[in-house]
Structure formats: C-alpha cells, structure tokens
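Colleague: When you get a sec, could you give me coordinates for this:
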Amino acid sequence: MLVVSREQLNQMLPVVNIVPLTSRKSVARVIYPNEVLIPKASGNLSMESIALCYQIRTLDKRRLEKEIGEICDVALMHEIHEAIRFQLDL
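Modeller: Down below sits the predicted model:
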C-alpha cells in the first residue's frame with residue numbers, strides 16, 4: 001500500500017489515507033486513468049506494481065506493519081496525484 005495523506009496530518013491523526021498496490025502480472029494489463037504503474041525499483045518494490053487509486057482507504061496506523069520504501073520520483077508522484085484527481089473528479 002502507498003500512504004497518500006499529508007505528512008503533517010499523518011503526524012497528528014491516528015489514521016492515514018492509503019492507495020492499495022497490486023502486482024502487475026502481465027505487460028498486456030491495461031493501466032487505466034485512475035491507476036499508476038509503479039516501476040520495480042521505485043519505493044524498494046520487488047516487482048512492478050499498480051497503484052489502485054480508485055480504492056483509496058483510511059486505515060488506523062496500528063495496522064501498518066513496516067515501511068518498505070518511499071517514492072521520490074517527482075514525475076511518478078505527479079502521476080499518482082493526477083490519478084487520484086481523476087478518480088475524485090477534482
């Protein structure tokens with residue numbers, strides 16, 4: 001999963017907003033406008049993944065087990081923001 005809520009809020013609240021990830025099992029898999037392809041190396045992922053921006057959820061921070069990595073690529077972060085905007089019609 002990918003935490004997408006603001007860090008300031010993450011520090012204050014007992015919950016975070018997340019976007020679930022799924023592995024990309026086939027290169028033929030279509031990536032929809034409310035999804036983002038996350039390359040294998042990004043965020044220390046072990047395989048190519050897809051951010052499912054249509055499944056935004058709020059989770060209690062106690063349900064988070066461990067941090068795997070962080071997405072630092074500005075272009076990729078922009079793609080994720082745009083997919084969330086598309087989903088929420090913002």
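
Colleague: quick one: the strands in the protein?
Modeller: 2-3, 15-19, 21-23, 35-38, 49-52, 57-60 (DSSP state E).

Colleague: What is the burial count for Val4?
Modeller: Look at Val4: counted by other C-beta atoms under 10 Å, it has 17 neighbours. Glycine gets a C-beta too; all of them are placed from N, C-alpha and C.

Colleague: Pull the contacting residues for the nearest residue to Gln87 once chain neighbours are set aside.
Modeller: Take Gln87 and drop its neighbours on the chain: the residue closest to it by C-beta to C-beta, 6 or more residues apart in numbering is Asn34, 4.2 Å away. Contacts of Asn34 were listed using C-beta atoms under 8 Å, 6 or more residues apart in numbering, and they are Leu52, Cys53, Tyr54, Ala83, Ile84, Phe86, Gln87.

Colleague: Helices - which of these land there?
Modeller: Counted as lying in helices by DSSP state H, out of these, are Ala83, Ile84, Phe86, Gln87.

Colleague: Could you give me the PyMOL selection string for whichever of those residues are buried?
Modeller: The buried residues among those can be selected in PyMOL (16 or more other C-beta atoms under 10 Å) with this line:
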select buried, resi 83+84+87
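
Colleague: Indicate which one of the strands of the chain is closest to Asp73.
Modeller: strand 35-38 (9.4 Å; C-beta to C-beta).

Colleague: mean confidence score for the closest one?
Modeller: Confidence over strand 35-38 (mean pLDDT, whole number) is 97.
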